[in-house]
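Enquirer: can you look at this prediction? I've put the sequence above it.
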Amino acid sequence: MPDKTLICKDCQKEFVFTEGEQEFYKEKGLVNEPQRCPECRKAKKARYNRNRYQHNAR
């Protein structure tokens with residue numbers, strides 16, 4: 001399974017989906033490739049956690 005170059009759906013930047021990451025996805029039963037680069041995934045997760053915390057604080 002060779003590395004794949006994918007395009008981030010948020011920033012349109014190319015990123016590499018490595019052979020090791022592909023194996024990890026396969027082991028976990030994940031069938032879809034990532035749609036966001038690692039930076040955008042991290043930012044999305046931070047936004048989700050921030051919004052979740054604010055919602056629970058009410």
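Expert: Perfect, I can see it now.
Enquirer: name the spans of the protein whose pLDDT lies under the cut-off.
Expert: Along the chain, the parts satisfying pLDDT under 70 run over 53-58.
Enquirer: strands along that one, start to end?
Expert: 4-7, 14-17 (DSSP state E).
Enquirer: would you mark the buried spots in the first one?
Expert: The one in question is strand 4-7. Buried residues in strand 4-7, counted by 16 or more other Cβ atoms under 10 Å: residue 6. Where you see a C-beta, it was placed from the backbone N, CA and C, and this is true even at glycine.
Enquirer: for stretch 27-45, same thing?
Expert: Quick answer for stretch 27-45 (16+ other Cβ under 10 Å): 34, 36, 37, 40.
Enquirer: quick one: which of those residues is nearest residue 17?
Expert: The nearest member of the buried residues of stretch 27-45 to residue 17, counting by Cβ to Cβ, is residue 34 at 6.4 Å.
Enquirer: which ones are touching the closest one?
Expert: 6, 17, 21, 41 (Cβ atoms under 8 Å, 6 or more residues apart in numbering).
Enquirer: give me the nearest residue to residue 10, chain neighbours excluded.
Expert: Nearest non-adjacent residue to residue 10, counting by Cβ to Cβ, 6 or more residues apart in numbering: residue 40, 4.3 Å away.
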